[in-house]
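Chemist: generate a structure from the sequence data that follows.
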Amino acid sequence: MTGYLSHRMRGPDRSLFLPGPTTHGHYQIELACNACHTPMMGVREESCTDCHGADLKAANDSHPKSKFTDPRNADRVARLDARNCVTCHREHRPELTRAMGVTLPDDYCSFCHQSIGKERPSHADFGYETCASAGCHNYHDNTALYEDFLAKHLDDPELKSPARVPVSAESESPSTAHWTAPPLTPADHDAPANVSIEPHVLDEWSATRHAAAGVNCTDCHSADADTPTSGDWTDHPTHTACSRCHDAEVSGFLAGKHGMRLARELPPMRPALARLPMNHDALDRELNCQSCHAAHRYDTRTAAVDSCLACHDDAHSRAYRDSPHFALWRAELAGHAPPGSGVSCATCHLPRAFHRIDGHEILRVEHNQNHNLQPNEKMIRSVCLHCHGLGFAIDALADVNLILNNFNGPPAVHIPSLELVGRRRLETQTRNPTPEESPNEN
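Modeler: Numbers count the residues shown, from 1 in each chain. Next comes the predicted model:
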């Protein structure tokens, strides 16, 4: 029977085994049953950490499994057995599912923190249901919300000067000095003689950094991923061809909602399968690297806005072209503002960061567009703080209506986290003054 079930779960009729709708984060791979389940064994705990473990480690998880496996904390396990992800996150239960895929009651924080009102008088009037929904705390990731970090940013202005996101030296002054191969021209293409290529395709390719770096046709169009120069020609290279040079970017793509189906050997994601509103003309488009970057031009500026809006038709996306961020983006593209001053869709959802590789500072784009969305406070460090103060960023991301109109105006919501931290620090200093602050005893 086990072998029979395993076969059925890999077959074309796996939807028969769905006990109910999956969450927003997992619905794309709901037919890849083996990604999470083992026949007759339920959910594999490792399936959660395989996808989310790296993020939890980077976030210095506030509630790691080790906190609950420590025998000294056995009383905590009695209240909430958080040794297993499925204790809090149960799939196929839409009637119970809340934000972040949590299927516990909204006041689950009270299971362990009943005394917080007495320990911190400032919290006495807060309801437990607000702990994880008021912009103050998250169960796992508090990298932009923990007290010491808030204290460092108590005096941040709403808008920093200059307000800039990271840009590479090439963004300011394009250069190919670190490439050793000579630039290629249309005449240098190495496509087989039996392959017909339109002249405009060669012109587009020759104007790219691929051609400038010596990347020729067969480097991408070879069907053999290991030895591209000897492989058979393919008219439609997949993401595996891109990964030969852009492994980090492809890995991010496969981890996000654009590529997660491919990572599970499912057909590519199409906008028609999305739960968010999508443009009707794009419903049958298959998402891959070329969907955003085009087949030969690889124009990152087009990919940063136009490619996004070609598919996405939700309120937040539709409001972008009327937002101050878009006005900044247009000014940068027109040369009226410095590099890094514009804010595109990719600025926030595919943030750029410098990485030191082989002695060089390399600017890379995070291609997992879901990396900093859940919870959205993850966006603060990697995106918002380049231009805005911490208090302003927290308020803006807590304002649902402001998010819907794409931040066209000031926040109408205020989260008192910074004031609470400032007050607590002042009270602590009053009770325990430093030597410099102590009254002169002589």
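
Chemist: which helix or which strand is home to the closest residue to Gly101 other than its chain neighbours?
Modeler: Nearest residue to Gly101 in three dimensions, chain neighbours excluded: Thr23, at 4.5 Å (CB to CB, 6 or more residues apart in numbering). Every residue, glycine included, has its C-beta placed from N, CA and C. Under DSSP states H and E, no helix or strand contains Thr23.

Chemist: for Thr23, grab phi and psi.
Modeler: Thr23 adopts backbone torsions of phi -70, psi 170, taken as degrees, to the nearest 10.

Chemist: how confident was the prediction at it?
Modeler: For Thr23, the pLDDT comes out at 92.

Chemist: next, count neighbours for it.
Modeler: Thr23 sits with 18 neighbouring residues when counted by other CB atoms under 10 Å.

Chemist: ok, it touching Thr97?
Modeler: Yes. Using CB atoms under 8 Å, Thr23 is in contact with Thr97, at 5.8 Å.

Chemist: give me the common contacts of those two.
Modeler: Common contacts of Thr23 and Thr97 (CB atoms under 8 Å, 6 or more residues apart in numbering): none found.

Chemist: tell me which residue is most central in this protein.
Modeler: His371 (1.8 Å; CA atoms, centre = their mean).

Chemist: list the contacts of it.
Modeler: Per CB under 8 Å, 6+ apart, neighbours of His371: Asp55, Gly252, Ala255, Gly256, Lys378.

Chemist: where's the dip in pLDDT among those residues?
Modeler: Pick the lowest pLDDT in the contacts of His371 and you get Asp55, at 89.

Chemist: next SSE downstream of the helix or strand containing Thr49?
Modeler: With elements taken from DSSP H and E, the one containing Thr49 is helix 45-58. Toward the C-terminus, helix 45-58 is succeeded by helix 65-69 as the next helix or strand (DSSP H and E).

Chemist: quick one: contacts of that following helix?
Modeler: Taking CB under 8 Å, 6+ apart as the rule, helix 65-69 contacts Asn73, Arg76, Val77, Asp81, Ala82, Arg83.

Chemist: dump these to TSV, plus neighbour count, pLDDT and secondary structure.
Modeler: What follows is those, written out as TSV (neighbours: other CB atoms under 10 Å; pLDDT from 0 to 100; DSSP: H, G, I helix; E, B strand; the rest coil):
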residue	neighbour count	pLDDT	secondary structure
Asn73	13	89	helix
Arg76	17	88	helix
Val77	16	90	helix
Asp81	12	92	coil
Ala82	20	92	coil
Arg83	14	92	coil
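
Chemist: list the contacts of the closest residue in space to Gly25 that isn't next to it in sequence.
Modeler: Using CB to CB, 6+ apart and skipping residues adjacent in sequence, the residue nearest Gly25 is Gly101, 5.9 Å away. When contacts are counted by CB under 8 Å, 6+ apart, Gly101 is found next to Thr23, His24, Gly25, His26, His89, Glu91.

Chemist: need those residues in a markdown table with distance to Arg352, can you?
Modeler: Formatted as a markdown table, the contacts of Gly101 follow (distance: CB to CB, whole Å):
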| residue | distance to Arg352 |
| --- | --- |
| Thr23 | 29 |
| His24 | 26 |
| Gly25 | 24 |
| His26 | 28 |
| His89 | 31 |
| Glu91 | 33 |
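
Chemist: among the residues you listed, name the buried ones.
Modeler: Thr23, Gly25, His26, His89, Glu91 (16 or more other CB atoms under 10 Å).

Chemist: among these, which one sits closest to Thr302?
Modeler: Ranked by distance to Thr302 (CB to CB), those are led by Gly25 at 28.1 Å.

Chemist: measure the closest one to Pro267 for me?
Modeler: Using CB to CB, to the nearest Å, Gly25 is found at 19 Å from Pro267.

Chemist: same check on Leu350?
Modeler: Here Leu350 is placed at a distance of 23 Å from Pro267 (CB to CB).

Chemist: ok, those two, which is more surrounded?
Modeler: For Leu350 versus Pro267, the count of surrounding residues by other CB under 10 Å is larger for Leu350: 25 against 10.

Chemist: show me what contacts the residue nearest to that one when sequence neighbours are not counted?
Modeler: In this structure, Leu350 finds its nearest non-sequential neighbour in Val365, 5.1 Å apart by CB to CB, 6+ apart. When contacts are counted by CB under 8 Å, 6+ apart, Val365 touches Glu249, Gly252, Ala346, Leu350, Pro351, Arg352.

Chemist: for Val365, what are phi and psi?
Modeler: Given degrees, to the nearest 10, the pair of backbone angles that Val365 has is phi -100, psi 130.

Chemist: how far is the helix holding Thr49 from where the chain is centred?
Modeler: 14 Å (CA atoms, centre = their mean, to the nearest Å).

Chemist: ok, and for it, which residues are buried?
Modeler: Cys48, Cys51, His52, Asp55, Leu56.

Chemist: and if you look at stretch 288-307?
Modeler: Neighbour-count burial for stretch 288-307, counted by 16+ other CB under 10 Å, picks out 288-294, 296-300, 303-305, 307.

Chemist: same check, this time on stretch 261-268
Modeler: Under 16+ other CB under 10 Å, the buried positions of stretch 261-268 are Arg261, Leu262, Ala263, Pro268.

Chemist: extract the C-alpha set from that stretch and format it as PDB.
Modeler: What follows is stretch 261-268, C-alpha atoms only, in PDB (Å, rounded to 0.1, in the frame of the first residue of the first chain):
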ATOM      1  CA  ARG A 261       7.600  25.400  -9.000                       C
ATOM      2  CA  LEU A 262      10.700  24.800 -11.100                       C
ATOM      3  CA  ALA A 263      12.700  23.900  -8.000                       C
ATOM      4  CA  ARG A 264      10.100  21.200  -7.300                       C
ATOM      5  CA  GLU A 265      10.200  19.900 -10.900                       C
ATOM      6  CA  LEU A 266       6.700  21.300 -11.600                       C
ATOM      7  CA  PRO A 267       5.700  23.200 -14.700                       C
ATOM      8  CA  PRO A 268       6.800  26.900 -14.600                       C
END
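
Chemist: list of residues touching that stretch?
Modeler: Contacts for stretch 261-268 (CB under 8 Å, 6+ apart): Gln28, Ile29, Leu31, Ala32, Ala35, His239, Leu254, Ala255, Met269, Glu286, Leu287, Asn288.

Chemist: now do that stretch, average pLDDT.
Modeler: Here the average pLDDT along stretch 261-268 is 94.

Chemist: where does the residue nearest to the centre of the chain land in three-state SS?
Modeler: Look at His371: counting by DSSP: H, G, I helix; E, B strand; the rest coil, its state is coil.

Chemist: start at 55, not 1
Modeler: Renumbered: residue one is now 55, and that last one reads His425.
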